[in-house]
Structures are given as structure tokens and as C-alpha cells.
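**Q** Sharing a model that was predicted from the sequence below.
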Amino acid sequence: MHTWSWAKLQTQYGNAPVYLYYFDHHPARKSGAKDEDHGSAHGHEIAYVFKNLNKSDPNVTPNDLKMSEVMATYWTNFAKNGNPNHDALPNWPAFDDEKPNTMYFQQQPK
């Protein structure tokens, strides 16, 4: 909720667009497992953003590597241009208080 509040304030008083995201990319969990309904841990996206996944880890899937590539592209574009978007990726709309948008990273960005 704090991030949502910050995004609203930034759109009202800031001088640059806000790009809000929610990261919930994780391996499938077995039905009935105690972590079945848990999302991704705080900060889990950092390894994806910096393409620092352990490729020799058997739990790292081709989809994980693809998600890492996508996220690194978004973050690099944002750092270079102030806008994360790229022609080859799904559009990441800027946050707008009237029509709030959040990029959702779970198996694929949407």
C-alpha cells in the first residue's frame, strides 16, 4: 500500500511518470503445500533485474531466464530513457491515479 500511495503522490506532484510493478514470479507449488498461496519474497526480483540467476541451479527454468531478460531490458530502458518500454515487450503504461496501472510479473509480464 505504501508504494501505491507514493505512486499517487508522485503523479500529482512529481515531474516524471511513475511505472509501478508487482513481482510474483516463482516456481509452481504443489496443491496443499504450506507455501501454496505465498507470493514471491521481498527483493526476489533483484536477481532477475540484474540477470544474476544461477544457470547451473536445476530449479532455474528457461522461463526464469526469459523473465530475467525481459526485466533487465525494462530496467535498462528506464535508466537510459526514463521509460521502460521497448517495441519487443508488452507495453508498460505509466501509472495514472484515474486509471491505475501496474505491470504484473508472473510467468510473463502483463
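**A** Received, thanks. Numbers count the residues shown, from 1 in each chain.
**Q** From here on, just use CA atoms for contacts and neighbour counts.
**A** Noted.
**Q** Paired strands for the helix or strand of the chain with the lowest mean pLDDT, with orientation please.
**A** Ranked by mean pLDDT, DSSP states H and E, the weakest helix or strand in the chain is strand 108-109, scoring a mean of 84. Strands that pair with strand 108-109, judged by DSSP bridges, come out as strand 103-106 (antiparallel).
**Q** what distance separates the partner strand from the centre of its chain?
**A** The chain centroid and the centroid of strand 103-106 are separated by 5 Å under C-alpha atoms, centre = their mean, to the nearest Å.
**Q** Dump that strand to PDB, restricted to CA.
**A** Output of strand 103-106 as PDB, limited to C-alpha atoms (Å, rounded to 0.1, in the frame of the first residue of the first chain):
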ATOM      1  CA  MET A 103       3.000  -4.200 -14.500                       C
ATOM      2  CA  TYR A 104       2.500  -7.700 -13.200                       C
ATOM      3  CA  PHE A 105       5.500 -10.000 -13.500                       C
ATOM      4  CA  GLN A 106       4.200 -13.600 -13.100                       C
END
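**Q** Could you tell me the average pLDDT over that strand, please?
**A** Rounded to a whole number, the mean pLDDT of strand 103-106 is 90.
**Q** Check stretch 6-24 too.
**A** 90.
**Q** Could you tell me how many residues sit around Ala41?
**A** Residues within reach of Ala41, counting by other C-alpha atoms under 10 Å, total 11.
**Q** His86 looks like it's in a helix, true?
**A** No. Counting by DSSP: H, G, I helix; E, B strand; the rest coil, His86 is located in no helix; its state is coil.
**Q** doesn't Asn77 make contact with it?
**A** Yes. Between His86 and Asn77 there is a contact under C-alpha atoms under 8 Å: 7.4 Å.
**Q** So which bits of the lengthiest helix in the chain are buried?
**A** Ranked by number of residues, the top helix in the chain under DSSP state H is helix 62-81. Within helix 62-81, the residues that qualify as buried are Asp64, Leu65, Met67, Ser68, Val70, Met71, Ala72, Thr73, Tyr74, Trp75, Thr76, counting by 16 or more other C-alpha atoms under 10 Å.
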